[in-house]
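> all I have is the shape, not the residue letters:
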């Protein structure tokens, strides 16, 4: 463990959560306040529910410990397998989430309709709305043009920009700005 990681682990509050089918539940109020103020989870019935990608990120940062309902400790791989049961792109989504967080963005779940995440500009979480929606994919995995056009249309109707996050074969993530494409019939050339 590097000195910086060790310092971070000591300075962060260790949160404890319990695995559910849809994410990780945190019930201790101080942890709920600390994590939700930094853009993690959704508050439901006096608990904070973390999405699996958030829990994986916090596990990797050694800020979170997760147990089963029976009290057994769960590790990163076990939580990833739970996530893979509900999302076939679990690993890619986690890597993109981790990359965006490491760049200083607050990252929340997308609004559906094909987008995976929404990101808030640095320092704007809680003050402004998300400015960009993220669509995740893998290099070599085709996306139908009409599907992409529908997502762009929805983003524009919400006054948001769309970024395509592509994980390449080397595991690097490249972001592409996506905008409306129109084809026009050209008269005599």
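Yep, that arrived. Note that the structure is predicted; figures quoted are calculated from it, not measured.

> where does pLDDT dip in this protein?
The model of the chain has pLDDT under 70 over residues 1-13, 181-189.

> and it, what are its domains?
For the chain, automatic domain parsing gives the domain ranges 3-86, 90-178.

> output the ones you listed as CSV; include the columns mean neighbour count.
Yep, even glycine has a C-beta here, placed from its N, CA and C like the rest. Output for these, formatted as CSV (neighbours: other Cβ atoms under 10 Å):
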stretch, mean neighbour count
domain 3-86, 16
domain 90-178, 16
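
> can you pull the contacts of the residue positioned nearest the centre of the chain?
Per Cα atoms, centre = their mean, the C-alpha nearest to the average position across the chain is that of residue 97, at 4.0 Å. Residue 97 sits next to 53, 54, 56, 57, 107, 117 when contact means Cβ atoms under 8 Å, 6 or more residues apart in numbering.

> now it: which helix or strand?
Here residue 97 sits within helix 90-102, counting by DSSP states H and E.

> how far off centre is that helix?
6 Å (Cα atoms, centre = their mean, to the nearest Å).

> residue 17 is in contact with residue 24, isn't it?
Yes - between residue 17 and residue 24 there is a contact at 4.0 Å, judged by Cβ atoms under 8 Å.

> where do the contact lists of the two overlap?
With Cβ under 8 Å, 6+ apart, residue 17 and residue 24 have common neighbours 50, 55, 64, 66.

> tell me which of the residues you listed is nearest to residue 126?
Distance to residue 126 across the shared contacts of residue 17 and residue 24 (Cβ to Cβ) is lowest for residue 50, with 17.8 Å.

> give the bridge partners for the closest one, please.
With DSSP bridges as the criterion, residue 50 is bridged to residue 24.

> so what's the nearest residue to residue 178 once chain neighbours are set aside up against?
Distances taken as Cβ to Cβ, 6 or more residues apart in numbering place residue 162 nearest to residue 178, at 4.4 Å, with adjacent residues excluded. By Cβ under 8 Å, 6+ apart, the residues touching residue 162 are 115, 132, 133, 134, 135, 151, 152, 155, 177, 178, 179.

> in TSV, list these along with distance to residue 171 and secondary structure.
Converted to TSV, the contacts of residue 162 look like this (distance: Cβ to Cβ, whole Å; DSSP: H, G, I helix; E, B strand; the rest coil):
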residue	distance to residue 171	secondary structure
115	22	strand
132	22	strand
133	23	strand
134	17	strand
135	19	strand
151	25	helix
152	27	helix
155	27	helix
177	22	strand
178	22	strand
179	27	coil
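
> in TSV: these, plus distance to residue 45.
Shown next, in TSV, are these (distance: Cβ to Cβ, whole Å):
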residue	distance to residue 45
115	27
132	31
133	28
134	29
135	31
151	32
152	36
155	32
177	39
178	37
179	41
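
> residue ranges of the strands in the chain, please?
Along the chain, counting by DSSP state E, strands occupy 15-19, 24-26, 42-44, 47-50, 64-67, 73-74, 106-112, 115-120, 132-138, 161-167, 173-178.
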